[in-house]
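> using only what follows, build the 3D model:
(one chain, ligands or ions: 1)
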Amino acid sequence: MLTNDVLDQWDRENFFHPSTHLAQHARGESASRIISGAKDCHIEDRNGNRVLDGFAGLYCVNAGYGRREITDAIAKQASELSYYHAYAGHGTEASITLAKMVMDRAPAHMSKVYFGLGGSDANETNIKLLWYYNNILGRPEKKKVISRWRGYHGSGLMTGSLTGLSLFHAKFDLPLDGVLHTVAPDFFRRENLEQSEAEFVAYCVEHLEEMIALEGADTIAAFIGEPVLGTGGIVPPPEGYWAAIQAVLQKHDIALIADEVVTGFGRLGSMFGSDHYDLKPDFITIAKGLTSAYAPLSGSIVSDKVWKVLEQGADENGVMGHGWTYAAHPIGAAAGVANLQLIEDLDLIGNARDVGAYLNQQMRAAVGDHPHVGDVRGEGMLCAVELVKDREGRKFYDPADKIGVQVVAALLSSGVIGRAMPQGDIIGFAPPFCLTRAEADEIVEKTKAAIHQVLGA
Ligand code: PMP
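Below is the predicted model:
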């Protein structure tokens, strides 16, 4: 067996890691962590550390680690038929069954699912299909997309542009033309502290209306948003936000893309965030929870309205020219079928709802009054603690102080993984849905201890 030292050296010499401080990693300044195993809500590294994964990987291992039902389905699929493509009407039992299972669970007005590999490519698909749709409808000018600051929609050229976080734009020449960003629906971080929640929603709507008026509704194809802002800080929308935004979009015939890569399949305690907030999207993006990350698979779910137009739009060859080699990969599809079945059999969405509410309630009780905690918020199995320099005046820390990163490091050394969200000193939690109340207590107690350790009592 390879020693840790050898792996560490090979890693630094050869492995170009995503979203990593490249120079620090190559110099060996940041600890390289080699994960070797996992079960339920815990992961283990090669140094024998076993920690509670309060972020389910990248909020994706919703069913928990080490589920035999899913790994057996993958092994069976791999040995019977490891691959066949989905072009020109080809399918497999797994991909066809999964499409049926997804559509049985999706909101009633949705029509079909186009499978991809990850959330980024599914959002790229959504935008391409929207352009295709507007070309078929004879509206070639209607192509711009409105996203929100602090939204996260992927790391591709278009999806990295839609993402509203400076880290994903700087020095990459993004955002591309045709992508616009409107106000993040983050009531805690509103600029005008005098605003009530209702006034803040009115301000978000006003900003959107002004943007549409300035650009012209006939140039705007879509608005994309996560039902709950995820990577931008785990921020549930203010009361009435989605109803008000949807009314504006409907008035101007602008399509809604609900990016449910995080919220799809139960993270909010409802099957979809669209059910949770009564959204009527034209597209729903799904990924992570579709397979609980046992294999890569994503999807773009399109509405009846969109499908009816797409169907007419074939070129003179009769072919829609958009596809990936691994779209609807049978191993991912087999994982998806077993995962969705398991989630239902064990009522894991019910557990996400119950234990998620408990986690949020206990977190609020434990740290909500701390002088450097500005906000504790969440929905379903999502929870965040936002740290501030001055609670009364809502003053934020200098990002260079890396307070959130320090708290997360202290938390990790006590045996719990939280995530320092990329913008602001926000500690995020998105555990697997099988989290127990005792594990929720452990997350809360250790978060409190880590905050005290870094910021004092
Ligand atoms: N959309 C959302 C809401 C996400 O959270 C993510 C990933 N965190 C993506 C899209 C991109 O997914 P992927 O990393 O699988 O490309």
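
> use CA for all of it now, contacts and neighbours both
Will do.

> domains in this protein, by residue range?
33-66+347-455, 69-345 (automatic domain parsing).

> sec struct for residue 223, please.
Following DSSP: H, G, I helix; E, B strand; the rest coil, residue 223 is assigned to strand.

> check which residues of the lowest-mean-pLDDT helix or strand in the chain are buried.
Among the helices and strands of the chain, helix 22-27 carries the lowest confidence by mean pLDDT, DSSP states H and E, at a mean of 88. By neighbour count on 16 or more other C-alpha atoms under 10 Å, the buried set for helix 22-27 is 25-26.

> please name every helix or strand in contact with that helix.
If contacts are counted by 3 or more C-alpha pairs under 8 Å, 6 or more residues apart in numbering; DSSP states H and E, helix 22-27 sits against helix 4-14.

> show me the contacts for the residue nearest the centre of the chain.
By C-alpha atoms, centre = their mean, the chain has its centre lying nearest to residue 262, at 3.3 Å. For residue 262, the contact set (C-alpha atoms under 8 Å, 6 or more residues apart in numbering) comprises 59-60, 230, 286-289.

> JSON lines please, covering those and showing neighbour count and secondary structure.
Putting these into JSON lines (neighbours: other C-alpha atoms under 10 Å; DSSP: H, G, I helix; E, B strand; the rest coil) gives the following:
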{"residue": "59", "neighbour count": "27", "secondary structure": "helix"}
{"residue": "60", "neighbour count": "24", "secondary structure": "coil"}
{"residue": "230", "neighbour count": "24", "secondary structure": "coil"}
{"residue": "286", "neighbour count": "30", "secondary structure": "strand"}
{"residue": "287", "neighbour count": "30", "secondary structure": "coil"}
{"residue": "288", "neighbour count": "27", "secondary structure": "helix"}
{"residue": "289", "neighbour count": "27", "secondary structure": "helix"}
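
> the residues you listed also near the ligand: which ones?
Taking C-alpha under 6 Å from any ligand atom as the test, the ligand is in contact with residue 230 out of those.

> ok so, going back, please report how far the residue nearest to the centre of the chain lies from residue 287.
Separation of residue 262 from residue 287 (C-alpha to C-alpha, to the nearest Å) stands at 8 Å.

> all strands of the stretch 351-457 of the chain, in order?
Counting by DSSP state E, counting those that start in this stretch, the stretch 351-457 of the chain has these strands, from start to end: 373-379, 382-387, 416-417, 419-420, 426-429.

> distance from the fourth one to the middle of the chain?
In this view, strand 419-420 has its centroid 14 Å away from the chain centroid, taken as C-alpha atoms, centre = their mean, to the nearest Å.

> so what does it touch, helix or strand wise?
So strand 419-420, by 3+ C-alpha pairs under 8 Å, 6+ apart, packs with helix 403-413, strand 426-429.

> parallel or antiparallel, list what pairs with it.
For strand 419-420, the paired strands and their directions (DSSP bridges) are strand 426-429 (antiparallel).

> what's the local residue count around the residue of the stretch 251-400 of the chain found nearest the ligand?
Nearest to the ligand, among the residues of the stretch 251-400 of the chain, is residue 261, at 4.7 Å (C-alpha to the nearest ligand atom). Neighbours of residue 261 under the rule other C-alpha atoms under 10 Å: 32.

> now do the contacts for it.
Per C-alpha under 8 Å, 6+ apart, neighbours of residue 261: 119, 285-289.

> how about a cut-off of 10 Å?
Residue 261 is in contact with 59-60, 118-120, 122-123, 152-154, 226-227, 230, 267, 272-273, 284-290, 298-299, counting by C-alpha atoms under 10 Å, 6 or more residues apart in numbering.

> just the ones in helices from those, please.
Using DSSP state H, the members of the contacts of residue 261 that fall in helices are 59, 119-120, 122-123, 273, 288-290.

> compare the helices and strands packed on strand 419-420 and give me the one nearest residue 346.
strand 426-429 (21.9 Å; C-alpha to C-alpha).

> and the average pLDDT for the closest one is what?
For strand 426-429, mean pLDDT rounds to 98.

> can you tell me if it touches the ligand.
No. When contact is scored as C-alpha under 6 Å from any ligand atom, no part of strand 426-429 falls within range of the ligand; the minimum is 12.7 Å.

> chain center to that strand, what's the gap?
14 Å.

> shift numbering so it begins at 3
Okay, using 3 as the starting number, the last item reads as strand 428-431.

> the strands in the stretch 3-152 of the chain, which residues?
37-41, 44-47, 52-55, 112-118, 146-150.

> dump the ones you listed into a markdown table; add distance to the ligand as well.
Output for the strands of the stretch 3-152 of the chain, formatted as a markdown table (distance: least, C-alpha to the nearest ligand atom, whole Å):
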| stretch | distance to the ligand |
| --- | --- |
| strand 37-41 | 19 |
| strand 44-47 | 19 |
| strand 52-55 | 16 |
| strand 112-118 | 10 |
| strand 146-150 | 12 |
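
> quick revisit: most tightly packed of the helices and strands packed on strand 421-422?
Using mean count of other C-alpha atoms under 10 Å, the stretch among these with the greatest mean number of neighbours is strand 428-431 (a mean of 27).

> now do that strand: everything it contacts.
55-58, 61, 232-236, 358, 361-362, 375-380, 383-390, 405-407, 409-410, 419-423, 445, 449.

> one more pass at 6 Å, please.
Strand 428-431 is contacted by residues 56-57, 384-388, 406, 420-422 when judged by C-alpha atoms under 6 Å, 6 or more residues apart in numbering.

> ok, residue 193 - how many residues close by?
If you count neighbours by other C-alpha under 10 Å, residue 193 ends up with 10.

> do the same with residue 242
If we define neighbours as other C-alpha under 10 Å, then residue 242 has 13 of them.
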